[in-house]
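Peer 1: here is a sequence together with a model predicted from it:
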Amino acid sequence: MKLVLIIIVVLVVSLVVLNQFVTRSIKSEISINESVDKVWNVFMDHKEYSNWNPFIRQISGPMEVGKILSVTIGAEGNKPMDFTPIILVNETNKEFRWVGKFGVKGVFDGEHYFFFEKTDSNQTKFTQGENFTGLLSGIFMLTIREETEGGFNAMNKALKDRVENNYLR
């Protein structure tokens with residue numbers, strides 16, 4: 001009986017430790033027929049998100065590295081979730097990145113990134129993704145992967161539609 005208990009404890013501890021060091025990722029890309037600066041300008045106009053963005057419903061706060069944002073996300077048909085990530089990168093026309101956590105750091109953390117890549121003079125590859133880590137990342141990913149990936153794809157398509165339909169010209 002003691003040996004079984006020891007084996008169970010070792011397995012649980014091993015899984016917890018392993019989950020701390022394993023990154024789970026979701027990524028979505030889209031090609032937008034417009035210049036990087038126009039895609040960036042629409043993306044960074046956070047006050048307009050409620051008018052077009054089906055996934056990230058609201059972003060507010062100072063857009064400076066190290067500052068805390070107030071963000072509301074929620075794929076269509078789901079209850080919105082509020083969180084307060086910290087901006088890690090805000091490099092005009094290249095990258096915007098933040099890191100957020102669920103509850104306490106190390107339980108379920110997500111580093112969300114947005115990349116803007118010029119593929120020719122009038123075309124941009126927009127990449128959105130998130131890397132998840134933490135003790136419960138494996139379990140949480142089983143429940144959120146499909147919904148989150150769908151949200152990324154819906155947002156990317158809506159951004160493409162918004163930009164290509166001459167918003168901010």
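Peer 2: Received, thanks.

Peer 1: quick one: the helices in the chain?
Peer 2: 2-21, 36-44, 49-52, 137-164 (DSSP state H).

Peer 1: winner for burial among the ones you listed?
Peer 2: Highest mean neighbour count of the helices of the chain: helix 36-44, a mean of 19 (counted as mean count of other C-beta atoms under 10 Å). Where C-beta positions appear, they are placed from N, C-alpha and C, glycine not excepted.

Peer 1: next one: the residue positioned nearest the centre of the chain from residue 10, what distance?
Peer 2: For the chain, the residue sitting closest to the mean C-alpha position, by C-alpha atoms, centre = their mean, is residue 112 at 3.4 Å. In this view, residue 112 and residue 10 are 34 Å apart by C-beta to C-beta, to the nearest Å.

Peer 1: before we move on, what about residue 3?
Peer 2: Residue 3 is 11 Å from residue 10, by C-beta to C-beta.

Peer 1: got it, and residue 32?
Peer 2: For residue 32, the distance to residue 10 - C-beta to C-beta - is 50 Å.

Peer 1: got a list of what residue 70 touches?
Peer 2: Contacts here follow C-beta atoms under 8 Å, 6 or more residues apart in numbering; on that basis residue 70 touches 58-61, 82, 84.

Peer 1: sort out which of the residues you listed are in strands and list them.
Peer 2: 58-60, 82 (DSSP state E).

Peer 1: returning to what we had before: find the nearest non-adjacent residue to the residue nearest to the centre of the chain, please.
Peer 2: Of all residues not flanking residue 112 in the chain, residue 130 sits nearest, at 4.5 Å (C-beta to C-beta, 6 or more residues apart in numbering).

Peer 1: surely the one you found and residue 114 touch.
Peer 2: No: the pair residue 130 / residue 114 is not scored as a contact, 10.1 Å apart, by C-beta atoms under 8 Å.

Peer 1: residue ranges with poor pLDDT in this protein?
Peer 2: For the chain, the stretches with pLDDT under 70 are 11-23, 136, 139, 141, 167-169.

Peer 1: one more pass at 90, please.
Peer 2: 1-26, 74-81, 100-110, 120-121, 132-148, 166-169 (pLDDT under 90).

Peer 1: give me the buried subset of the ones in strands among the contacts of residue 70.
Peer 2: Buried residues within those, defined by neighbour count using 16 or more other C-beta atoms under 10 Å: 58-59.
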